[in-house]
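Trainee: Next one to model:
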Amino acid sequence: MLFMGTYTPKLDDKGRLFLPAKFRDRLSEGLVVTQGQENCLVVWPSDVFAEEAERAAARPMTNRAARRYARVLFAGGDEGTPDKQGRIGIPAHLRDYAGLERDVVVIGVRDRLEIWNPERWREFQEDAMGDFVDLDEDDD
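Mentor: Numbers count the residues shown, from 1 in each chain. Presented below is the predicted three-dimensional model:
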């Protein structure tokens, strides 16, 4: 299953997020929420996270960038499964990292979901669209 689309659910008072219904089956066996780049959160299906963990482990720990990536990937991670209503808990340290309050944006990105602060998502889109418009295979 590919994750695609943009959704605007809300966090409840306990920091729980209702996952978009179309993604719940794929995530029902387990998931990992971690810090992502550009101050978003990444929601990985457990099996995909395991593959990412293997890629991280394959890089030599003598490589500074590899150590830094592994630390960020694992230190902030949180394992879980959606509850019967399709909610997942987002720990306070991850909500703080991503600047999440009540309103959030959830986007599908192929093999994972990303959770964004709405303002950061708008800023990212504006910046990225400029690069997207200028893409040209003939440019070197």
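
Trainee: pLDDT weak spots in the chain?
Mentor: By pLDDT under 70, the weakly predicted segments of the chain are 133, 135-140.

Trainee: Setting aside sequence neighbours, what's the nearest residue to the residue nearest to the spatial centre of it?
Mentor: Within the chain, one residue has its C-alpha closest to the average C-alpha position: by Cα atoms, centre = their mean, that is residue 42, at 1.4 Å. Leaving aside its sequence neighbours, residue 42 sits nearest to residue 36 (Cβ to Cβ, 6 or more residues apart in numbering; 4.0 Å). Every C-beta, even on glycine, is put in place using the N, C-alpha and C of the backbone.

Trainee: what does residue 77 give?
Mentor: Using Cβ to Cβ, 6+ apart, the closest residue to residue 77 is residue 34 (4.5 Å).

Trainee: any residues touching the strand or helix carrying the one you found, and which ones?
Mentor: Assigned by DSSP states H and E, residue 34 belongs to strand 31-35. Outside strand 31-35, the residues that touch it by Cβ atoms under 8 Å, 6 or more residues apart in numbering are 41-46, 49, 72-74, 76-82, 88, 90-91, 94, 97-98, 115.

Trainee: Check the gap between residue 63 and residue 30 for me.
Mentor: From residue 63 across to residue 30, the span is 29 Å (Cβ to Cβ, to the nearest Å).

Trainee: These two: who's more crowded?
Mentor: Using other Cβ atoms under 10 Å, the more surrounded residue of residue 63 and residue 30 is residue 30, with 15 against 11.

Trainee: and that one, what does it touch?
Mentor: By Cβ under 8 Å, 6+ apart, the contact set of residue 30 is 45, 46, 79, 80, 81.

Trainee: about what we covered before: give the next helix or strand downstream of the strand holding residue 34.
Mentor: Counting by DSSP H and E, the element after strand 31-35 in chain order, helix or strand, is strand 41-45.

Trainee: what's the next secondary structure element after that next one?
Mentor: Next helix or strand after strand 41-45 toward the C-terminus (DSSP H and E): helix 46-58.

Trainee: ok, back up a step: tally of neighbours for the residue nearest to residue 42?
Mentor: Neighbour number of residue 36 under other Cβ under 10 Å is 23.
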